[in-house]
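Engineer: have a look at this prediction, sequence included:
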Amino acid sequence: MNLRSVIKKLKDLFSNSLFNVKWKCLNCGKEIFEEKAFCEKCYEKLPFNDKIICAHCGRQVVAPENYCTTCKGKLTSLDCCRSFFVYEKPISTLIMRFKYGNHKYLVDYFADCLSKIYFKYYFNADFFVYVPMTAKSEKKRGYNQAKLLAEKLSQLTEVPVIQCIEKVKETKRQATLNREQRLKNLKDAFRVIDKKVVKGKSIVIVDDVTTTGATANYIAVRLKKAGAKNVSLITVASTPPIDRY
Ligand SMILES: [Zn+2]
Ligand SMILES: [Zn+2]
C-alpha cells in the first residue's frame, strides 16, 4: 500500500467515524452536528420548569409564594413533587409521541431530564416505583412509558426499581372527571404487592406527566398505609396548577 492510499484510507476512516456522525433534533428533525437533543431554535422554545415553583407540587407559579393556590392549606400525601418541564409545546407533543405514538427512543432524553431533577433536589430514594397500568392496557399499548422511564432512570442513578404496587382496576382519564368522580375512579384501583418491601422506605414514583396529580397521590396513600416513610414524585413535565380533585 503506498502512502497516498494509506492517507485516503485514514481519511475515509475519520470521515466515517468522526465527521460523519449526525444527530437529529428531537423536535423538528433537523440535522445537528453536536451531540445534543435539540437544534438551537427548538432549544430556545423548551419550557423549562426552572423559575418559581410551588414548594409542594413543584408546578410553575406566577407569584413568589410558598404554595400554589391548589396546594395552599391542602397538601397531598406526596412529600415532594418535582418536574423538569412545564407541560407545554414542544415537550407536550414529544410526550404524546412517547406515550401513544411508540416513539420509545425518547426515553433516553426524558430519563436524563429525570436524573437531573433527582440529583438537584436530593431525593435519596431507597427505590423507584412507576405508575402501573393494568395488564390489559399495557398489552394494548405494547409498553408502559412510566416503566421505561423508571428503568432508564435506575441505570443513570443506580437506584433500583422495586415495583411493589400494581393496578388492579381500569380507571377513566382523571382529567375528564370532577372531584367526586375522581376519588371514586381511583378507589381500589391500586394495590401494594408486598408490604414488607415498603415499610420504612423512601420511595420515589416515576411518571411522564403530572396533570391533576391524583393518581400519584392515591399511590402515595397506599404506600404510606403500607408503612412507607416518605413518598415523592418526579415527572418529565407538569401542567400549571389546576383545581384540586
Ligand atoms: Zn429543532
Ligand atoms: Zn402546588
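Structural biologist: Yes, it's here. Ligands and ions are numbered 1, 2, ... in the order given.
Engineer: mind listing what's buried along stretch 79-96?
Structural biologist: Buried positions in stretch 79-96, judged by neighbour count with 16 or more other Cβ atoms under 10 Å: 79-88, 90-92, 94-95. Bear in mind the C-beta positions are built from the backbone N, C-alpha and C, glycine included.
Engineer: show me which of those is closest to ligand 2.
Structural biologist: For the buried residues of stretch 79-96, the minimum distance to ligand 2 (Cβ to the ion) is 8.0 Å, reached by residue 81.
Engineer: can you give me every residue that contacts residue 110?
Structural biologist: Under the criterion of Cβ atoms under 8 Å, 6 or more residues apart in numbering, the neighbours of residue 110 are 95, 98, 149, 152, 208, 236.
Engineer: sorry, back to before: now for the buried residues of stretch 79-96: which two are most distant?
Structural biologist: Greatest spacing in those, by Cβ to Cβ: 79 and 90 (30.8 Å).
Engineer: so what are the domain limits for this structure?
Structural biologist: With domains defined by automatic domain parsing, the chain comprises 1-45, 47-238.
Engineer: weakest of the ones you listed by average pLDDT?
Structural biologist: Lowest mean pLDDT within the domains of the chain: domain 1-45, at a mean of 78.
Engineer: wait, residue 25 sits on residue 44?
Structural biologist: No. The criterion here is Cβ atoms under 8 Å, and residue 25 misses it with residue 44 at 11.9 Å.
Engineer: now the contacts of residue 110 in JSON lines, with distance to residue 176 and secondary structure?
Structural biologist: What follows is the contacts of residue 110, written out as JSON lines (distance: Cβ to Cβ, whole Å; DSSP: H, G, I helix; E, B strand; the rest coil):
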{"residue": "95", "distance to residue 176": "18", "secondary structure": "helix"}
{"residue": "98", "distance to residue 176": "21", "secondary structure": "helix"}
{"residue": "149", "distance to residue 176": "24", "secondary structure": "helix"}
{"residue": "152", "distance to residue 176": "30", "secondary structure": "helix"}
{"residue": "208", "distance to residue 176": "18", "secondary structure": "strand"}
{"residue": "236", "distance to residue 176": "22", "secondary structure": "strand"}
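Engineer: out of these, who's nearest ligand 2?
Structural biologist: Distances from ligand 2 to the contacts of residue 110, taken by Cβ to the ion, are shortest for residue 236, at 17.6 Å.
Engineer: contacts only, for the closest one.
Structural biologist: Residues counted as contacts of residue 236 (Cβ under 8 Å, 6+ apart) are 83, 84, 85, 91, 95, 110, 113, 114, 149, 208, 209.
Engineer: higher neighbour count, residue 25 and residue 44?
Structural biologist: residue 25 (18 against 8; other Cβ atoms under 10 Å).
Engineer: which residue sits closest to the more buried one, ignoring its sequence neighbours?
Structural biologist: residue 39 (4.0 Å; Cβ to Cβ, 6 or more residues apart in numbering).
Engineer: ok, the one you found - how many residues close by?
Structural biologist: Neighbour count of residue 39, defined by other Cβ under 10 Å: 19.
Engineer: I'd say it and residue 26 touch.
Structural biologist: No. Applying Cβ under 8 Å as the test, residue 39 and residue 26 come out as separate, 9.2 Å apart.
Engineer: need the helices for this protein, in chain order.
Structural biologist: Using DSSP state H, the helices found in the chain span residues 3-14, 40-44, 91-100, 107-120, 135-141, 145-157, 179-186, 195-198, 214-225.
Engineer: what's the closest of these to ligand 2?
Structural biologist: Nearest to ligand 2, of these and by Cβ to the ion, is helix 214-225 at 11.8 Å.
Engineer: what does the closest one contact?
Structural biologist: With Cβ under 8 Å, 6+ apart, helix 214-225 has contacts from 76-78, 81, 129, 131, 164-165, 171, 174, 182, 186, 189-192, 198, 203, 205, 207, 210, 228, 231, 233, 245.
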